[in-house]
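S.K.: Test case, fold it:
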Amino acid sequence: MTKQELVAKMQEGNAWIPGKRVKLDFGGEGAVMLDGAGQQVSEDNGDADTTIKISWDDWQAMAAGQLDGMTAFMTGKLKVEGDMSNAMQLQGVLAKLRS
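M.R.: Next up is the predicted model:
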C-alpha cells in the first residue's frame, strides 16, 4: 500500500479520533495527519496533539496485524510525542484499516 492509498483508505473509514489531531510521522516517507477536528485525513505535516513516529515498514507490519502496537512501542520501533491517550486509541484506527 502506498501512502496515498493509506490516506484514501483512512479517509474512507473515518480513521481519526474525534476532536484530536494525530500525526503519523514516517520519517523520510513523510507524514499523515488524522485530523479528527476537521474530520479528514491528509498528508499534512503540521502541528498535532499527538505525534507517532514509526518507520513506514513497521507501520505496514502493524496495519497488517504482524506487529503489535505495544510491542513496537516497548522495543522502540514506535515513539509517541504528546498525549499518550490518543496513541492508545489508535488501536481502533488500525482495526478500521483491516476491515
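S.K.: all helices in this protein, in order from the N-terminus.
M.R.: 3-12, 56-63, 69-74, 84-98 (DSSP state H).
S.K.: got any ranges where this protein has weak pLDDT?
M.R.: Low-confidence segments of the chain (pLDDT under 70): 93-94, 96-99.
S.K.: partners of the residue positioned nearest the centre of it in the sheet?
M.R.: For the chain, the residue whose C-alpha lies nearest the mean C-alpha position (Cα atoms, centre = their mean) is residue 24; its distance is 4.4 Å. Beta-bridge pairing of residue 24 under DSSP bridges involves residue 32, residue 52.
S.K.: show me the contacts for residue 27.
M.R.: 53, 55-56 (Cβ atoms under 8 Å, 6 or more residues apart in numbering). In short, each C-beta sits where N, CA and C put it, glycine included.
S.K.: residue contacts, the residue located most distally from the centre of the chain?
M.R.: Distance from the C-alpha centroid of the chain peaks at residue 75, with 17.6 Å (Cα atoms, centre = their mean). Counting by Cβ under 8 Å, 6+ apart, residue 75 touches no other residue.
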